[in-house]
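In: only geometry, no sequence info:
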Ligand SMILES: Cc1cc2nc3c(=O)[nH]c(=O)nc-3n(C[C@H](O)[C@H](O)[C@H](O)COP(=O)(O)OP(=O)(O)OC[C@H]3O[C@@H](n4cnc5c(N)ncnc54)[C@H](O)[C@@H]3O)c2cc1C
């Protein structure tokens, strides 16, 4: 892939950095010793395990640490940089690469797919009316998957198949993938345009430069770091939907437990709850869901973690440990029932506690509950969402007020407008997936993965088109993006 051309403003940024205007002291540690002044001007050799030491001052009361500025190596450049490789991010990267841009995708986990894979989700909702990348993925998940995947047109998929398919597609499209890497900071220029990001990984702190950025981190980390305004949850205390730990199970004959499998009947969840209660179990998720994936493998969602903020790492850690304990306790309890359950066992619990809600970044359009009630039609629609308003219980007491006001009033299929994918406060930044611009109720519907993929595809095309036509995403209209030539 050819090195992307630098835009004039990018040259200005690089010149500023090279001139040392934003640089300060740093210490390079080589072979366990502090580098000499001459050696310190070089970037650490990461293959030799060299690191940049942080210089800091701890306040006298030990409540604050002041970190000295340090020089961060620019590790790479791309025309489009996608942060987060979940359902939205993989689609954004794929679409941008297929539209002819050089693309880098930065992902925190050790695999692509986000909640689909690291979260062990196993079910894709609101995908049947989607074309493009979503339809392509469903076809591949079905073709490469089990008989269950084929019978469900790929909507019930095997997370391991998904990991492999996503890696193959993105590698084939020429996307440069970086796993195990967290986006930790963003640099904007004087015109408030995003020009670079910072990451942390085993390679240390690194900077990445790009022409256009897409935030697909689910929680809107990049946009927040770039200075965008956002909303979280509902009410004064920003209450969010509960998190859930998903798991894979084995040791059960599907024919013997058919009535409890979600795909068999809508009463399956209720029957599973009754079975658990009869066994003396009290699952924190009151609509436990068992899915048959293939041969002897199942997935289960039976846990809710209430009142945990996605941004309180200590609370997320405690919730993860509590949730994993609950999954194992429930499986042990089912095993004690004997009969078809006597050999049930946990194969894997998700590495990532499933986060339903993070930041909703302010965009140039905000999707509202009224838009859902009225069935919004928008001339710049990137896709049509049809999934129900689905606010999981915000506490153990449930959601009577929300259910009465919104759920029972219903929803008409509505458009997701392109401007809801464009950050309002920072230029050169697109959004896709659950962090786009909408209110609490609208988010509870559009967040599901059939929509996340369609949004990602739109944002990726828009980012590539912006680069190729030398304009900013908000200067494009969706008609131009749709008709922009794709290299594929
Ligand atoms: C428990 C649960 C059950 C659900 N059930 C369903 C269902 O049955 N069907 C359905 O379609 N949808 C379901 N959803 C909703 C759906 O999974 C999400 O809304 C969807 O994953 C949104 O896609 P995304 O790409 O925006 O976010 P995510 O899937 O969350 O992906 C975000 C990605 O960004 C990465 N990331 C985050 N922060 C950083 C960072 N700072 N630096 C680098 N990378 C970062 C993450 O590791 C992740 O890979 C469920 C969600 C949960 C939590």
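Out: Everything's here; your move. Bear in mind that the values here come from a model prediction, so they are computed numbers and not experimental data.
In: determine the longest strand present in the chain.
Out: strand 204-215 (DSSP state E).
In: residue 315: which element?
Out: Using DSSP states H and E, residue 315 sits within helix 313-336.
In: about what we covered before: same question for the helix or strand just after the longest strand of the chain: list its buried residues.
Out: As assigned by DSSP H and E, the chain's next helix or strand after strand 204-215 is helix 221-226. Of the residues in helix 221-226, 221, 222, 223, 224, 225, 226 count as buried by neighbour count, 16 or more other CB atoms under 10 Å. C-beta: built from backbone N, CA, C; applies to glycine.
In: so the nearest residue to the second one once chain neighbours are set aside bridges to which residues?
Out: In space, not counting the residues next to it along the chain, residue 222 is nearest to residue 215; the distance is 4.0 Å by CB to CB, 6 or more residues apart in numbering. Note on residue 215: beta-bridge partners residue 83, residue 431, judged by DSSP bridges.
In: where along the stretch 351-488 of the chain do the helices fall?
Out: Using DSSP state H, counting those that start in this stretch, the helices of the stretch 351-488 of the chain run over 369-374, 400-402, 440-446, 449-468, 478-483.
In: and these, which one is worst for confidence?
Out: When these are compared by mean pLDDT, helix 400-402 comes last with a mean of 73.
In: ok, and what's touching that helix?
Out: For helix 400-402, the surrounding residues in contact (CB atoms under 8 Å, 6 or more residues apart in numbering) are 391, 394, 441.
In: stretch 355-362 too?
Out: 115, 215, 217-221, 223-224, 228-233, 240-244, 310-311, 392, 423-425, 431, 434-440, 443, 447.
In: give me the subset of the residues you listed touching the ligand.
Out: Contacts with the ligand within the contacts of stretch 355-362, as defined by CB under 6 Å from any ligand atom: 115, 217, 218, 219, 221, 244, 434, 447.
In: most widely separated two among those residues?
Out: Within these, two members stand farthest from each other by CB to CB: 221 and 244, at 20.6 Å.
In: show me how this protein divides into domains.
Out: 75-235+357-483, 246-349 (automatic domain parsing).
In: deepest-packed of the ones you listed, please.
Out: domain 75-235+357-483 (a mean of 22; mean count of other CB atoms under 10 Å).
In: and the residue nearest the centre of the chain, how far is that from residue 110?
Out: Taking CA atoms, centre = their mean as the criterion, residue 218 is the residue nearest the geometric centre of the chain, at 3.7 Å. Distance of residue 218 to residue 110, given as CB to CB, to the nearest Å: 16 Å.
In: indicate the residue of the stretch 301-450 of the chain located nearest to the ligand.
Out: residue 433 (2.0 Å; CB to the nearest ligand atom).
In: pretty sure that residue contacts residue 88?
Out: Yes - judged on CB atoms under 8 Å, residue 433 makes contact with residue 88 at a distance of 2.9 Å.
In: shared neighbours of these two, anything?
Out: 216, 218, 452, 455, 456.
In: ok, and the closest non-adjacent residue to residue 171?
Out: Nearest one to residue 171, counting by CB to CB, 6+ apart, is residue 177 at 7.2 Å.
In: which SS state does the one you found fall under?
Out: Put simply, residue 177 is strand when judged by DSSP: H, G, I helix; E, B strand; the rest coil.
In: in contact with whatever residue of the stretch 151-300 of the chain ends up closest to the ligand, which residues?
Out: Ranked by CB to the nearest ligand atom, the top residue of the stretch 151-300 of the chain for proximity to the ligand is residue 218, at 2.9 Å. Contacts here follow CB under 8 Å, 6+ apart; on that basis residue 218 touches 84, 86, 88, 114, 115, 355, 358, 433, 434, 435.
In: do you know the pLDDT at the nearest residue to residue 395 once chain neighbours are set aside?
Out: Leaving out its chain neighbours, the residue that sits closest to residue 395 by CB to CB, 6+ apart is residue 306, at 5.4 Å. Looking at residue 306, its pLDDT reads 95.
In: swap in residue 51?
Out: For residue 51, the predicted pLDDT is 89.
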